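In: quick one: sequence plus predicted model below, questions after.
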Amino acid sequence: MILVIGGAGYIGSHLVKGLVDKKQVIVLDQFSTGHGALVDRRAVLVEGDLGNEDVLDSVFRTYPIEAVMHFAAHSLVGESVVEPLKYYENNVVATCTLLKKMMKYDVKKFIFSSTAATYGIPKVDIINEETPTNPINPYGRSKLMIEQILEDFNKAYGLEYIVLRYFNAAGADDSGSIGEDHHPETHLIPLILKHLLGQREKISVFGTDYDTPDGTCIRDYIHVTDLVDAHIIALEALIKGEKQAAIYNLGNGVGFSVKEVIAMCEKVTGLKTKIEFTKRREGDPARLVASSDKIYEELGWRAKRSLENIITSAWKWHCVVGSSESKH
Ligand code: UDP
């Protein structure tokens, strides 16, 4: 069985849906930001905190767990600056408790969700895994700390792991039944789509004076279904013993500016946005674009879905399921 921590969250729920055909899945989630209804019914659901030793003891004693995939983290950069303790307690301390229990029960295979925020403000246009890490906020630092802990655990205890550094995950499963549903929502694509559905008055563009062609920030948006495919390929490589300690970027290799994303949302929906240009948001690097060549060369994965695919799938989900904020 595969233990998916945070399997009710945005990326976790998509992963469970993709994995449950291949493996027995057990989801551990405290349903704080995740949503139980998003979890595929074929998965076993356990409600609990990943930092709770009793819950972990019970899960590892009860189920024959082959590998752990860890999606449960706080992930808002701005919040991490204001509330670093929350980030270090959940993303670092609780994850250490999980790792301790994995060692205790001899579960030695681990897939870890990391982030482009580990790179900070990179000096290169295209980021590969050799680009120096230098996170500029507690969120990025908390993720890098776990990456370093994993390296040490690999050497000392034989823990085998794959770290996946996501760039900007977006989009929704093709079924339209699950999608991105954060409360509060801070991400660009869902905010634009909510605005176009009439749930927000306008869309704010944070900064127009960046050193980019149109002055707005450039990001590498990756479809959540592409992310899921990468996780499943990584899990298979780990289980087969083909990889023991690896770090991979997950991105499309193509950057889009905030203005370009807005234009694509208008194209996909046929609707017009009302834009407000505001000052920069603290902690935003001008450009974050990934090279994912390493995972292509080593595991054969590459992103298949375009920005248009991402927005089309997200729009479908927002229209069908997520159209009413009052439901929550
Ligand atoms: N952004 C924006 N307006 C918003 C939300 C985001 O201009 O209301 C910009 C943000 O500054 C960044 C890009 O959109 O350059 C993507 O932001 P998001 O929060 O989606 O992801 P992040 O890159 O912070 O992980």
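Out: Yep, that arrived.
In: just the closest residue of the protein to the ligand, please.
Out: residue 217 (3.0 Å; Cβ to the nearest ligand atom). Glycine gets a C-beta too; all of them are placed from N, C-alpha and C.
In: isn't that residue up against residue 287?
Out: Yes - contact criterion Cβ atoms under 8 Å: residue 217 and residue 287 qualify, at 7.1 Å.
In: now do the shared contacts for these two.
Out: Common contact partners of residue 217 and residue 287 (Cβ atoms under 8 Å, 6 or more residues apart in numbering): residue 210.
In: which residues sit against stretch 290-302?
Out: 116, 126-129, 165, 167, 220, 229-230, 233-234, 237, 243, 246, 248-253, 303.
In: ok, now stretch 175-191?
Out: Stretch 175-191 is contacted by residues 10, 13-14, 17, 33, 35, 38, 76, 78, 168, 170-173, 194, 200, 203, 219, 221, 224, 258, 261, 265, 310-311, 313-314, 316-318, 320-322, 328 when judged by Cβ under 8 Å, 6+ apart.
In: can you show me the helices along this structure?
Out: 10-19, 53-62, 77-82, 84-87, 95-104, 138-157, 188-196, 224-239, 258-269, 293-299, 307-320 (DSSP state H).
In: near residue 93, how many other residues are there?
Out: Neighbours of residue 93 under the rule other Cβ atoms under 10 Å: 12.
In: check contacts around the spatially closest residue to it that is not a sequence neighbour.
Out: What sits nearest to residue 93 in space, not counting adjacent residues and going by Cβ to Cβ, 6 or more residues apart in numbering, is residue 51, at 6.5 Å. For residue 51, the contacting residues are 89, 90, 93, 94, 97, 98, by Cβ under 8 Å, 6+ apart.
In: what is the nearest of the residues you listed to residue 207?
Out: Distance to residue 207 across the contacts of residue 51 (Cβ to Cβ) is lowest for residue 90, with 28.9 Å.
In: and the residue nearest to residue 139 when sequence neighbours are not counted, what does it touch?
Out: Sequence neighbours aside, residue 80 is the residue nearest to residue 139 in space, at 3.7 Å (criterion: Cβ to Cβ, 6+ apart). Neighbouring residues of residue 80 by Cβ under 8 Å, 6+ apart: 74, 86, 87, 137, 138, 139, 142.
In: count of neighbours near the fourth one?
Out: The reference is to residue 137. Using other Cβ under 10 Å: residue 137 sits among 19 other residues.
In: my read: it touches residue 75, true?
Out: No - counting by Cβ under 8 Å, residue 137 does not reach residue 75; the two are 11.1 Å apart.
In: follow-up on the earlier one: could you flag which of the contacts of stretch 290-302 are buried?
Out: Buried subset of those (neighbour count, 16 or more other Cβ atoms under 10 Å): 116, 126-127, 129, 165, 167, 220, 229-230, 233-234, 237, 243, 246, 248-253, 303.
In: from those residues, which land in strands?
Out: 165, 246, 248, 249, 250 (DSSP state E).
In: relative to residue 9, how far out is the residue lying closest to the second one once chain neighbours are set aside?
Out: Setting aside the residues directly before and after it, residue 246 is nearest to residue 162 in space (Cβ to Cβ, 6+ apart), at 5.0 Å. Note on residue 162: its distance to residue 9, by Cβ to Cβ, to the nearest Å, is 19 Å.
In: got it, and residue 117?
Out: Separation of residue 117 from residue 9 (Cβ to Cβ) stands at 17 Å.
In: between the two, which is the more surrounded one?
Out: Taking other Cβ under 10 Å, residue 117 and residue 9 do not tie; residue 9 has more neighbours (29 against 26).
In: so how far is the lowest-mean-pLDDT helix or strand in the chain from its chain's centroid?
Out: The weakest-scoring helix or strand in the chain, judged by mean pLDDT, DSSP states H and E, is helix 77-82 (a mean of 90). Relative to its chain's centre, helix 77-82 lies at 17 Å (Cα atoms, centre = their mean, to the nearest Å).
In: kindly report the same for stretch 69-76.
Out: Computed by Cα atoms, centre = their mean, the chain-centroid distance of stretch 69-76 equals 7 Å.
In: what residues does the stretch 51-200 of the chain put near the ligand?
Out: 77, 168, 186, 187, 188, 191 (Cβ under 6 Å from any ligand atom).
In: got these as a markdown table, with neighbour count columns?
Out: Rendered in a markdown table, the data for those read as follows (neighbours: other Cβ atoms under 10 Å):
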| residue | neighbour count |
| --- | --- |
| 77 | 20 |
| 168 | 22 |
| 186 | 13 |
| 187 | 16 |
| 188 | 22 |
| 191 | 19 |
